[in-house]
Structures are given as structure tokens and as C-alpha cells.
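S.K.: My questions concern the predicted model and sequence given below.
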Amino acid sequence: DAGITQSPRHKVTETGTPVTLRCHQTENHRYMYWYRQDPGHGLRLIHYSYGVKDTDKGEVSDGYSVSRSKTEDFLLTLESATSSQTSVYFCAISERGGVNTEAFFGQGTRLTVV
Amino acid sequence: LAKTTQPISMDSYEGQEVNITCSHNNIATNDYITWYQQFPSQGPRFIIQGYKTKVTNEVASLFIPADRKSSTLSLPRVSLSDTAVYYCLVSGAGSYQLTFGKGTKLSVIP
């Protein structure tokens, strides 16, 4: 399995608090992605990175920010968590980006905002 | 990014061959077609990828007609462990994004 670790795996937080999720990889892959998954919506792309300090928005980026200061770590921050951000969050990595390469996913982080 | 359309759900009995078709009418010349599988409480897993004609690996086959406006994932002799959501993705080498739709939920019945 690809070396990709998400932390924490589970988190419960209160509305209005900041939350940071971490994705760590040991594969030295250039591309990293953050998704959220909700019932009835499949996987939706939040943000992605195509290199250190190079990031871009996905389809559901409002309320989220990301940072990538080194190749191995991609952080997702909810500046002020809301109940609508309760979800399962997945991180993915790929060597070349886009569809014509295999992406590897982490185990997911279940976030509950109360 | 090419839009994809696939059935929301499918049921199949154990031992049958399952074919899941994905429509991608506005596929571009340099786009590839990739399928992922997702089990409950896990991240998606790459199954197969193709550009045209037929691709086969140890897990599945992917059939792509000449016009490439659709593709069919074929799972031979499914078992209960094939119960999962299957996603069809279409994108080209120039796109960094990896966009999933809602997928097809396959339920294998004993």
C-alpha cells in the first residue's frame, strides 16, 4: 500500500472552532488532493496541490484552506467549523496528476462538528 | 473536464458477470478513462484505466468503443466482496484535477 497517512482519524469539534487535518505521504508524489464524502454526493474535491506551495481550488472549496510547505504534508484547515462540514475527509496522492495515473487514498478522517 | 454519467445503483447475483456503463459524450482526444472501486469506510482504489479498445487486468476488463463516448467496466463472476461503489473518471494529461461523480453502487446478492 502507498505510504499515506491521515490524522486524526476521528475528531469531534464544536461549531466555530478551527480544525486542521493532516495528510502525510512517504511516496514523494507531487500531487495531493483533499476530498469530502457525504451520503448522496459521492466524493467531492475540495482543494488540490501540484507541488510545494502550489495549490488550487476544487468544486467545494468554500470554508476550507490548504497549505503545503513541504512535499510530504498537505494540510486542510477549516477556519471556523460549521455543522455542514461534518463529513468524511479523504486525502489522495498521485505521481503525475490527473486521471492518466493511479491515485492512492488515505484511510479517511471522520469529522463531526457539533 | 468531461462530464460522466453512470447508473446510481445495480444489483447482481453472485457468480454473474456485471457490466457498468459510463457515458462521457464530451470526452476530449487526450482524455483517459479510469475506474475506481470504493468499499464502505475506505478510500477509493484504482481498478483499471484505458484510452481505447479493450484493457484487461486481473480484476476487471474495460471496453471502450471507437467513438470513446462511453466505456464499460466488466467484472467477471462477481462475489459478495465485490459489493462496492464504482466510479468512472475521465480527464486528460493536462488536467491536475481528479474529479469523482456519485458512482454506481453495486450490490451483490447471495
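M.R.: Received the coordinates, thanks.
S.K.: Alongside chain A, which residues does chain B contribute?
M.R.: Contact residues (Cβ under 8 Å from any Cβ of the partner chain) of chain B with chain A: B:31-34, B:36, B:38, B:41-46, B:49, B:85, B:87, B:89-103. C-beta coordinates here come from the backbone N, C-alpha and C atoms, glycine included.
S.K.: Now do the same contact list for residue B:11.
M.R.: By Cβ atoms under 8 Å, 6 or more residues apart in numbering or on different chains, the residues touching residue B:11 are B:106-109.
S.K.: from these, which would you call buried?
M.R.: Listed as buried from the contacts of residue B:11 are B:106, B:108; burial here means 16 or more other Cβ atoms under 10 Å in any protein chain shown.
S.K.: rewinding a little: just the buried ones from the residues of chain B next to chain A?
M.R.: Using 16+ other Cβ under 10 Å as the burial test, the residues of chain B next to chain A include B:31-34, B:36, B:38, B:43-46, B:49, B:85, B:87, B:89-92, B:95-103 as buried.
S.K.: In strands, which of the residues you listed appear?
M.R.: In this view, those that belong to strands under DSSP state E are B:31-34, B:36, B:38, B:45-46, B:49, B:85, B:87, B:89-92.
S.K.: okay, who's weakest in those by pLDDT?
M.R.: The pLDDT minimum for these sits at residue B:92, where the score is 71.
S.K.: Wait, residue B:38 touches residue B:45, no?
M.R.: Yes. At 7.0 Å, residue B:38 counts as touching residue B:45 under the criterion of Cβ atoms under 8 Å.
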